[in-house]
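**Q** Have a look at this prediction, sequence included:
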Amino acid sequence: MGYYTQAARDVWTLLIELQPQTGDSGGGISRDEYISQVARDIQSKLPEVFDLDVIRKKLGLEISPTSVVLLQELERFNKLTLRMIRSLAELQRALAGEVGMSSELDEVARALFNGQIPVIWRKLAPDTLKSLGNWMIHFKRRHEQYSSWVDEGEPCVMWLSGLHIPESYLTALVQATCRKNGWPLDHSTLYTQVTHYRSEDEVKERPGQGCFVSGLYLEGADWDIEKGCLVRSKPRVLVSQLPILKIIPIEARRLKLQNTLRTPVYTTSMRRNAMGVGLVFEADLFTTKHISHWVLQGVMYGGRAIDSFDRRILTVYMDEYLGDFIFDTFQPFHFFHSDSGGGISRDEYISQVARDIQSKLPEVFDLDVIHKKWGLEISPTSVYCYESWNALTNSPSG
């Protein structure tokens, strides 16, 4: 399903890019007027940049690891905001004929006309697959979380999707906990628990250690909040929202998990690239089913299956050769089916392989004949060849 969804998204993207870029936009106004309206609407929603000097003075000299993350996030957010302000102002002047339309401004205009995020903005923003309208809603909510963090302190529930680099915040949590408890940093890790909170408003205070995070979604599964475990997705529901997640730093030696699926958390539904960029962390989700069941559902994504198409092939193959028993039991399994697909049993198949190998085995060398052929004067290389072959043929494995 993920393969077809992505294919449909790509087709619509190409169709939008192929639409006429000149003439009326269909609303009685010209293309330039439409772009100018969109630019003015975005300009009216852009916030002022954060004053980092004032915020640093407010935090004081003893800055916690999470406060360092806040300053880094605000710096990146300021760069994006300034780039948007500058490019939109230049675009308005270019549309008015005051300055020339450069290739960069032309790309911005085309993106605004198509409802997409301009490339020069995308380079300074977190990875996203959103359209321009949804991305602006996301942008506004990011600013609200940063403002609340600056004015009221670290939020009780961190909206993880609103951070530019969410893994840096999780690393800061581990550092702060290690400093507090005197743990070695390289021997510490993260453990997660799915809470019974469905929304951020239900959480009234921060946990003693770790944090609550929101903004996570499950693909290929659903979460039963009453039983507290992974369940099958509902019909026609591809993605479901995960309840508030509690992330707890812990010493690695104390972490012992059973019936738990280590589920990767990615920034977007495109998961990660070959370099691993896109993976944030791994969440621990309780399950009553065999882990291989969720592997086939695409909840945990690994091995050499690198896209949705490969995952569909993997699902069909393993279902054919492993059968249904793998989904309902925790017993060990072997990658062999009682019927190999050719109408023969397992023993007959092994016998065929053995006969095929036997037919390809050569005869052994007659060392006595070879020794007489070489005569009494044998070169060092011939002696080495003779001893090596003698040792090979007389070895237990030979």
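**A** Now that the structure is in, tell me what you want to look at. Fair warning: this is a prediction, and the values are worked out from it, not measured in the lab. Numbers count the residues shown, from 1 in each chain.
**Q** can you count the residues close to Leu261?
**A** When neighbours are counted by other C-beta atoms under 10 Å, Leu261 registers 22. For glycine as for every other residue, the C-beta is placed from the backbone atoms N, C-alpha and C.
**Q** Check the one 10 residues further on too.
**A** For Arg271, the tally of surrounding residues (other C-beta under 10 Å) stands at 17.
**Q** pretty sure it contacts Val280?
**A** No: with contacts counted by C-beta atoms under 8 Å, Arg271 stays clear of Val280, the gap being 10.9 Å.
**Q** I figured Leu124 hits Leu80, correct?
**A** Yes: counting by C-beta under 8 Å, Leu124 does reach Leu80; the two are 4.3 Å apart.
**Q** out of the two, which sits in the busier spot?
**A** Each of Leu124 and Leu80 has its neighbours counted (other C-beta under 10 Å); Leu80 has more, 20 against 16.
**Q** Can you give me the pLDDT of that one?
**A** If you check Leu80, the pLDDT there is 97.
**Q** lowest confidence element among the helices and strands of the protein?
**A** Every helix and strand in the chain was compared by mean pLDDT, DSSP states H and E; the lowest is helix 325-328, with a mean of 46.
**Q** Could you identify the helix or strand that succeeds it?
**A** The helix or strand immediately downstream of helix 325-328 is helix 346-359, counting by DSSP states H and E.
**Q** ok, then the element right after the helix or strand harbouring Glu144?
**A** Using DSSP H and E, Glu144 falls within helix 132-152. Note on helix 132-152: by DSSP H and E, the next helix or strand toward the C-terminus is strand 157-159.
**Q** buried sites along the helix or strand just after that next one?
**A** Moving toward the C-terminus from strand 157-159, the next helix or strand (DSSP H and E) is helix 166-181. By 16 or more other C-beta atoms under 10 Å, the buried positions in helix 166-181 come out as 166, 169-178.
**Q** average pLDDT for helix 166-181?
**A** 91.
**Q** Number of residues surrounding the nearest residue to Tyr266 once chain neighbours are set aside?
**A** Excluding the flanking residues, the one nearest Tyr266 by C-beta to C-beta, 6 or more residues apart in numbering is Gly278, at 5.2 Å. By the criterion of other C-beta under 10 Å, Gly278 has 15 neighbours.
**Q** same deal with Ser345?
**A** By other C-beta under 10 Å, 11 other residues sit near Ser345.
**Q** Can you give me the distance of Gly100 to Asp106?
**A** According to C-beta to C-beta, to the nearest Å, Gly100 stands 10 Å off from Asp106.
**Q** Can you give the distance from stretch 95-102 to the centre of its chain?
**A** Taking C-alpha atoms, centre = their mean, to the nearest Å, the mean C-alpha location of stretch 95-102 is offset from the chain mean by 41 Å.
**Q** isn't the residue nearest to Tyr266 right next to Met270, touching?
**A** Yes: the pair Gly278 / Met270 is scored as a contact, 7.0 Å apart, by C-beta under 8 Å.
**Q** Find residues that contact each of the two.
**A** When contacts are counted by C-beta atoms under 8 Å, 6 or more residues apart in numbering, Gly278 and Met270 have Asp127 as shared neighbours.
**Q** ok so, going back, other residues contacting the helix holding Glu144?
**A** Residues contacting helix 132-152 (C-beta under 8 Å, 6+ apart): 42, 45, 47, 50, 55, 58, 70, 73-74, 77, 111-112, 115-117, 125, 128, 130, 155, 159, 161-162.
**Q** I'd like to know which of the residues you listed are part of strands.
**A** Members of the contacts of helix 132-152 lying in strands (criterion: DSSP state E): Trp159.
**Q** Can you turn the buried part of the contacts of helix 132-152 into a PyMOL selection?
**A** To isolate the buried ones among the contacts of helix 132-152 in PyMOL, judged by 16+ other C-beta under 10 Å, type:
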select buried, resi 42+50+55+70+73+74+77+111+112+116+117+125+155+159+161+162
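**Q** name the element the closest residue in space to Leu112 that isn't next to it in sequence belongs to?
**A** Nearest residue to Leu112, sequence neighbours excluded (C-beta to C-beta, 6+ apart): Val38, at 4.7 Å. Secondary-structure assignment from DSSP H and E places Val38 in helix 31-45.
**Q** before we move on, the earlier item: just name the closest of the buried residues of helix 166-181 to Thr189, please.
**A** Val174 (7.6 Å; C-beta to C-beta).
**Q** Please determine how far the closest one is located from Ser67.
**A** Noted for Val174: a distance of 15 Å to Ser67, by C-beta to C-beta.
**Q** residues of stretch 149-156 that come out buried?
**A** Buried residues in stretch 149-156, counted by 16+ other C-beta under 10 Å: 149-150, 155-156.
**Q** of all the residues you listed, which comes closest to Ala96?
**A** Among the buried residues of stretch 149-156, and counting by C-beta to C-beta, the member closest to Ala96 is Val150, at 36.6 Å.
**Q** for this structure, which helix is longest?
**A** Ordering each helix of the chain by length in residues (DSSP state H) puts helix 65-95 first.
**Q** follow-up on the earlier one: now the buried residues of stretch 149-156 in a markdown table, with pLDDT and distance to Ile16?
**A** Below are the buried residues of stretch 149-156 laid out as a markdown table (pLDDT from 0 to 100; distance: C-beta to C-beta, whole Å):
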| residue | pLDDT | distance to Ile16 |
| --- | --- | --- |
| Trp149 | 95 | 36 |
| Val150 | 94 | 38 |
| Pro155 | 92 | 37 |
| Cys156 | 93 | 40 |
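**Q** As a markdown table, the residues you listed with distance to Gln258 would be great.
**A** As requested, the buried residues of stretch 149-156 are exported to a markdown table (distance: C-beta to C-beta, whole Å):
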| residue | distance to Gln258 |
| --- | --- |
| Trp149 | 37 |
| Val150 | 42 |
| Pro155 | 32 |
| Cys156 | 30 |
